[in-house]
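Asks: Can you look at this prediction? I've put the sequence above it.
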Amino acid sequence: MMQNDILISIIVPVYNLQNDLERCVFSILSQSYKNLEIILINDGSTDKSWNIIQKLAMSDKRIVPISKSNGGVTSARFAGLRIAKGEYIGFVDGDDEIEPDMYEFLLKNILHYNADISHCGYQMMFDDGRVNDFYNTGKIVLQDHLKGLKDLLKGDYIEPGLWNKLFSKKLFFNILKKDLIDLDIRVNEDLLMNYYLFSESKKSIYQDVCKYKYMAKGVEESTRFLDEHKIFDPIRVKNIIIDISPQELKMCAWAAYIKTCISIYNMLILKGINRYHDQSLIIKEKLLESKNWWMIVGKKQKVLIWMILYSGFIYVLIYRFYNKFFINSRYD
């Protein structure tokens, strides 16, 4: 029988979520595992989020309310980490939901396998009622230190987000002590923090059962305009990972970097390559600078690199046509 005296701290960053926060928090309060500390961090909201947090805190003594000036999601998470009392740490985004047994499920696996990290699959929930599973195969994957990092970088089935995972608190020691995460990174910051955490982990356990509900509303709206963070932060994060990766992970880190450059360039095509002309030139330069590592990516990526660099506007036309008629995106 699983121990019930282990405290789990759940950190929820909140920024202008007055319409979603109560739904999210109620899903946490309804957990089958009851020994929880729920840290709600108001990150400088300008709506009624702080009032809702205070009201929720009065209704359940497990809720710890914090209010701070706006600093971004990483800053909010750090504020929660610094006061967290739990032996294990979980994160939930303030507009999402979790299944009633998610933390019981994750803790059970972490104890059974004597792991530092336990993670699961998730569902993407759309406004029109559609639900996409990622991936709900039921498979169990035990990851040692190196495999966990490789799986994270490849991204074939391991979600780079923090919110479908349970972490041993000890993994955060160096992140907090050394201020390893640049708070100016606003996109792909989850992947970077995960990389540091998996680097500290000796063993992690992944069971592909969907326990987290990611609310996809506003995904299209959030990507309609691309600022410098959305364009360059993912590349910046991959650069940092290359710099800090041990030698046995360099190939995997460079492959992830090159694939990210290709993906961002393709995104610029769909958003209007003329509008983002200067940014597209920078990405081409970055691809050229990575020339010594092109041999490690697959044939498809090699063809895409060549077309991006040398085919001019032909590739733009081909990719737009391909995206419109042949890509069956799970987000459509």
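Replies: Good, I have the coordinates. Quick caveat, the model's predicted, so the values are computed rather than measured.
Asks: okay, CA-based contacts and neighbour counts for the rest of this
Replies: Will do.
Asks: I'd guessed residue 206 sits against residue 115; true?
Replies: No. Counting by CA atoms under 8 Å, residue 115 is not a contact partner of residue 206; they are 10.1 Å apart.
Asks: Now tell me which helix or strand of the protein has the poorest mean pLDDT.
Replies: Across the helices and strands of the chain, mean pLDDT, DSSP states H and E gives its lowest value to helix 219-222, namely a mean of 51.
Asks: what's the following helix or strand after that one?
Replies: Once helix 219-222 ends, the next helix or strand along the chain (criterion: DSSP states H and E) is helix 228-244.
Asks: next one: that following helix to chain centre, how far?
Replies: Relative to the centre of its chain, helix 228-244 is centred 14 Å away, using CA atoms, centre = their mean, to the nearest Å.
Asks: For residue 215, what are phi and psi?
Replies: phi -80, psi 120 (degrees, to the nearest 10).
Asks: which residues of this protein fall in helices?
Replies: Ranges of helices within the chain are 21-29, 49-59, 73-83, 102-112, 145-154, 173-178, 189-200, 219-222, 228-244, 250-272, 277-289, 299-310, 313-325, based on DSSP state H.
Asks: Next, the angle helix 102-112 makes with the first one.
Replies: Just to be clear, that refers to helix 21-29. Here helix 21-29 runs at an angle of 40 degrees relative to helix 102-112 (axes from the mean of the first three to the mean of the last three CA atoms, to 10 degrees).
Asks: what's in contact with helix 21-29?
Replies: Applying CA atoms under 8 Å, 6 or more residues apart in numbering, the contact partners of helix 21-29 are 14, 49, 52, 56, 94-100.
Asks: could those be laid out in JSON lines, adding distance to residue 160 and neighbour count?
Replies: Output for these, formatted as JSON lines (distance: CA to CA, whole Å; neighbours: other CA atoms under 10 Å):
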{"residue": "14", "distance to residue 160": "20", "neighbour count": "29"}
{"residue": "49", "distance to residue 160": "27", "neighbour count": "23"}
{"residue": "52", "distance to residue 160": "29", "neighbour count": "17"}
{"residue": "56", "distance to residue 160": "30", "neighbour count": "20"}
{"residue": "94", "distance to residue 160": "18", "neighbour count": "22"}
{"residue": "95", "distance to residue 160": "18", "neighbour count": "24"}
{"residue": "96", "distance to residue 160": "16", "neighbour count": "20"}
{"residue": "97", "distance to residue 160": "18", "neighbour count": "23"}
{"residue": "98", "distance to residue 160": "17", "neighbour count": "25"}
{"residue": "99", "distance to residue 160": "19", "neighbour count": "17"}
{"residue": "100", "distance to residue 160": "22", "neighbour count": "18"}
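Asks: which one of the residues you listed sits closest to residue 211?
Replies: Among the contacts of helix 21-29, residue 99 lies closest to residue 211 (CA to CA), at 5.2 Å.
Asks: what's the distance between the closest one and residue 252?
Replies: Applying CA to CA, to the nearest Å, the value for residue 99 to residue 252 is 33 Å.
Asks: got it, and residue 95?
Replies: Distance, residue 95 to residue 252, using CA to CA: 33 Å.
Asks: Same question for residue 77.
Replies: Counting by CA to CA, the gap from residue 77 to residue 252 is 28 Å.
Asks: Which residues are in contact with residue 75?
Replies: residue 183.
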